[in-house]
Each structure stands twice: as C-alpha cells, then as structure tokens.
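A.B. asks: Return a 3D structure for these sequence lines:
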Amino acid sequence: MRFVVRRLLLFVVALFGLSVAVFAALRVLPGDVASIMAGVNAPPEKAAQLREQLGLNRPLALQYLDWMGALLHGDFGTSILTGRSVTSLVASRASITFPLIILGLLIALAIGLPLGCAAVLARSARVRAAFHVLAIIGGAVPALWSGLLLILLFGKGTGLVGILPSQGFPMDGWATPGRALLALILPGLSVGIIVGASLMRYTRSALGDLADSGYIDMARSCGMTRTQAVLRVGLRLATPQLVSVIGLTFASMITGVMVIENLFALPGIGNGLVTDVGNRDLIAVQSELFLLAAFFLGVGLVVDVLHRILDPRLKSADTVSEVAA
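C.D. replies: Numbering: from 1, shown residues only. All right, here's what the predicted structure looks like:
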C-alpha cells in the first residue's frame, strides 16, 4: 500500500508539472495566440474578439487557474471551429483509436511471442540467425510503407485481392460492428506487424537470458524437457519484464498510429490532433495534449503496479532495505 500511495502521489505531482508544461508550451509560441487562431489575414477586431472570448487578455496565472479548475470539473473546453466540447470530440475519436491500438497489439502479441519463443528454442544456428534477420527487417519497415503495401494487396478497388476496406470508417461507427471491425483490419495489421517484430526481439532477449540459467536447469532436473522448461518456467519469470514492455508499447502506439490514421482516413485521435493543429484550434489542442500525456502517465502507473504484483522479488528487496534502514 505504501508503494501504491507513493506512486499515486508521484502521479499527481507529474500531472501538475505536465499541465504547466502544456499550458506554457502554447503560450511561448511566436506571436499572440488569438492572432494565430484567427488566421494570418484576419482583421485585428477578430483577434481582439477571440482574445476577449477566451480570456487571453487576463494574467497567465489566472488563465492557468481557470483552465485547471475546469479540468477538475471535467470541462476540457470547447472547440472554436465546431463548437463541440473537447470531451465529446476526444471520446468519439478514442472509439476508433483505442480499438485500433488493441487490435494492433493483439496482432503484435500473436506474432511476437510465438516467434520470440521459437527463436530461443531453435537448435540450429542458421534458424536462430533467420529469426534475428526477420525481427530486424520487420522492425525496420516504415508504417507508411507497410500500410501502402497492404492496401495494394488487399484494399478494395485497388488491391490485387480486394477484400478489405482501405479508406474511412462507417458513419454510424460501432452501431454496425462488423463493418467497423473490417475497416480496422488493414490499419491494425500495418501497426501489428511492426510492433510484433519489436516484441519478438524483446521476447527473444528476455528468454535467451534465462534459457541457460539455473532456473531452467532446476526445471529440467525435475523431469521437464528444455522446451517445457523454457515455456513454463522461463516465460513465467520473463512475464514482469514483458508486461512492462507491452504496457509502454501500448502507450506509445497512440502516437505511432497517427500516420496510419491519416493513411487510412480514420477520424481517430492522431488524425484529429493533426487537424486541430492545422486549423489553429489551440484551445482544443491544449486539452487534447494534456489528456494524451495523462494517459501515458496512467499507463506507466498501471505497469509499475502490475510489475510489483507479478515480481515478488521487488517486495523482498524493499523489505530488506527497510530492515537495513
């Protein structure tokens, strides 16, 4: 409990520092924020009206306190362009981005974990070298290139085997789950193949360090084969490390799918953020950046807690240090 309390306190402090950084980042832009949002050729009266409407003529400290007060009440502001609340915008975009990330992560796990285990269990040096080359090539493929290749192969209307939609998302969203899922298959494969190559390298490295350790020797002395020992004992011992990698990979995939969302014309968080920046909707961008960064911190908190639950050695180490102190 003390560990969880400490991590929660650090999370709150980090959120505070994050809010200050996001707020300051948009205030140090060259020129006036209202003039930037109004446009280059906008008359001064429009910029002055925006400045008054958004409270940008008030002291920065009061602007920050107003923004934080609204955040604490669940009000993330209103988009200047659409008039919709930022909360509803992010929610509608997240209903596309997060299923895409989850699908891509599932594909990555289906690729990375089995191939990583197979690379460790392979007895032939040539087979191990082939797995190593495969992981390097898969991780080096740009997401844009893999997406274009999948469109040319499987995209309806353009692909050699046109069986999957390659552009857009159903207007009614997940009201038609079959069509919505089909629209995410090609983007999910584009992300999953690249991330799967990275997970394959992590799995091979984690299991490779344990394959020749005393844990595996002890398991084999109990009657297990090498394959059984690596999969049952080695994989369980590597689970805390893999959970950390998978959790951080899940968080980083939010920014990683921006290119994929633009390529496949998916109105997700990444695509929406790029659009808002291009349209100078800086008030919406401010809250969206804060939400994304807070999500990164939240995933890090969950990963730390899970790592501690899965690895009892961390508890023992803390107990020893407390006794020593």
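
A.B. asks: Next, count neighbours for Val22.
C.D. replies: Using other C-beta atoms under 10 Å, Val22 has 21 neighbouring residues. The C-beta positions use only the backbone N, C-alpha and C, and glycine is treated the same way.

A.B. asks: What residues of the one helix or strand it maps to count as buried?
C.D. replies: Per DSSP states H and E, Val22 falls inside helix 2-27. The neighbour-count check on helix 2-27 (16 or more other C-beta atoms under 10 Å) flags 7, 11, 14-15, 18-19, 22-23 as buried.

A.B. asks: Stretch 111-119 too?
C.D. replies: So for stretch 111-119, counting by 16+ other C-beta under 10 Å, buried means 111-113, 115-117, 119.

A.B. asks: Which of those fall within helices?
C.D. replies: Using DSSP state H, 111-113, 115-117, 119 are the members of these that sit in helices.

A.B. asks: So Phe169 sits against Pro267, correct?
C.D. replies: Yes - look at Phe169 against Pro267 with C-beta atoms under 8 Å: they come within range, at 6.2 Å.

A.B. asks: Give me the common contacts of these two.
C.D. replies: Ile96 (C-beta atoms under 8 Å, 6 or more residues apart in numbering).

A.B. asks: So for those two, which sits in the more crowded spot?
C.D. replies: Taking other C-beta under 10 Å, Phe169 and Pro267 do not tie; Phe169 has more neighbours (22 against 18).

A.B. asks: Quick check: which element contains that one?
C.D. replies: Using DSSP H and E, Phe169 is not contained in any helix or strand.

A.B. asks: hmm, back to that, between the buried residues of helix 2-27, which sits nearest Cys222?
C.D. replies: Lowest distance from Cys222 to those (C-beta to C-beta) belongs to Arg7, with 37.1 Å.

A.B. asks: residues contacting that closest one?
C.D. replies: 301, 304-305.

A.B. asks: Same list (the residues you listed) but as JSON lines, adding distance to Ile80 and secondary structure.
C.D. replies: Below are the contacts of Arg7 laid out as JSON lines (distance: C-beta to C-beta, whole Å; DSSP: H, G, I helix; E, B strand; the rest coil):
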{"residue": "Leu301", "distance to Ile80": "33", "secondary structure": "helix"}
{"residue": "Asp304", "distance to Ile80": "38", "secondary structure": "helix"}
{"residue": "Val305", "distance to Ile80": "39", "secondary structure": "helix"}
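
A.B. asks: ok now do Val120, which residues does it touch?
C.D. replies: Contacts for Val120 (C-beta under 8 Å, 6+ apart) come out as 203-204, 207-208, 211, 230, 234.

A.B. asks: hmm, try it at 7 Å
C.D. replies: Neighbour list for Val120: 204, 207-208, 211, 230 [criterion: C-beta atoms under 7 Å, 6 or more residues apart in numbering].

A.B. asks: ok, it to Ala206 distance?
C.D. replies: For Val120, the distance to Ala206 equals 9 Å [C-beta to C-beta, to the nearest Å].

A.B. asks: Next: Gly214.
C.D. replies: According to C-beta to C-beta, Gly214 stands 16 Å off from Ala206.

A.B. asks: for Gly188, same thing?
C.D. replies: Per C-beta to C-beta, Gly188 is found 25 Å from Ala206.

A.B. asks: need the next SSE after whatever helix or strand Leu189 lives in, C-terminal direction.
C.D. replies: Using DSSP H and E, Leu189 falls within helix 177-211. Where DSSP H and E defines the elements, the next helix or strand beyond helix 177-211 is helix 214-221.

A.B. asks: buried sites along that next one?
C.D. replies: Residues of helix 214-221 classed as buried: 215-216, 219 (neighbour count, 16+ other C-beta under 10 Å).

A.B. asks: Just the closest of those to Ala140, please.
C.D. replies: Of all the buried residues of helix 214-221, Ile216 has the smallest distance to Ala140: 31.3 Å, by C-beta to C-beta.

A.B. asks: how about the nearest residue to the closest one, chain neighbours excluded?
C.D. replies: Leaving aside its sequence neighbours, Ile216 sits nearest to Ala229 (C-beta to C-beta, 6 or more residues apart in numbering; 4.7 Å).

A.B. asks: contacting residues for the one you found?
C.D. replies: 216, 219-220.
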